[in-house]
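Chemist: I'll drop the sequence and a predicted model, then ask my questions.
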Amino acid sequence: MFNHKRYILLAVLCLASTLSLAQRSGPVAFNLPDHGRLLLAVPAAWDVEIRPVQGRAPPTLHLSPRNGKTFHVMLTPMWTADAATPFPDDESVRAKVSAAATEAQLQSVEQTLTVLELSGKADHGYYFTVTDRDPKPEEWKYLTQGIIRIGPVDLAFSVLTNDGQDSVIKSALAMLGGAIHES
């Protein structure tokens, strides 16, 4: 059920080049067209693939392990179309995450899903974790998904894992909580 193509908040777009980050010593900067850049402390053992889109739309970042058991982390920054468009308020962000949780719950083991808060240095958001009741061999068993506001950017995220990968979820949430936006 938690096929990465089905449960991301935004559509995954065309394939691009892979960014090799083997010798990281600090945060990795990702340029956001006309919206500054996002700094993320990506774990050194993770690879990052950037899937850009046409025009000025935001890229999707795909993170996966360099070695070992597979997992998949997707990050898609979102912003308003122009300065006149109001940015969604905190309650709207929570409502979007709650709606995604309600949809995911239809195929989950959990009878009730809790939307949790995620806060970092200068950011705030919401997420949930759900267990697929019958994952197929090419799919993941667990989905952690949400949105975190980092300055003027909302970052939609999905973390897809299997048994024994709680540390991946913790690392992804810590990375998101420490994210920084630069103008």
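Modeler: Thanks, I have the structure now.
Chemist: The residue nearest the centre of the chain and R133: what is the separation?
Modeler: The centroid of the chain falls nearest to F157 when counting by Cα atoms, centre = their mean (1.6 Å). Distance, F157 to R133, by Cβ to Cβ, to the nearest Å: 23 Å. Heads up, the C-betas are built off the backbone N, CA and C, glycines and all.
Chemist: list the contacts for the residue nearest to the centre of the chain?
Modeler: Applying Cβ atoms under 8 Å, 6 or more residues apart in numbering to F157 gives the contacts V73, M74, L75, T76, Y127, T144, Q145, G146, I147, I148, A172, L176.
Chemist: of all those, which comes closest to L38?
Modeler: L38 has its nearest neighbour among those in L75, at 8.4 Å by Cβ to Cβ.
Chemist: Can I get the host helix or strand of the closest one as PDB, trimmed to CA atoms?
Modeler: Using DSSP states H and E, L75 sits within strand 72-78. The C-alpha trace of strand 72-78 is given here as PDB (Å, rounded to 0.1, in the frame of the first residue of the first chain):
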ATOM      1  CA  HIS A  72      13.100   6.100   1.000                       C
ATOM      2  CA  VAL A  73      12.700   9.700   2.200                       C
ATOM      3  CA  MET A  74      11.100  12.300   0.000                       C
ATOM      4  CA  LEU A  75      11.100  16.100   0.600                       C
ATOM      5  CA  THR A  76       9.200  18.600  -1.500                       C
ATOM      6  CA  PRO A  77       9.300  22.300  -0.600                       C
ATOM      7  CA  MET A  78       6.200  24.300  -1.200                       C
END
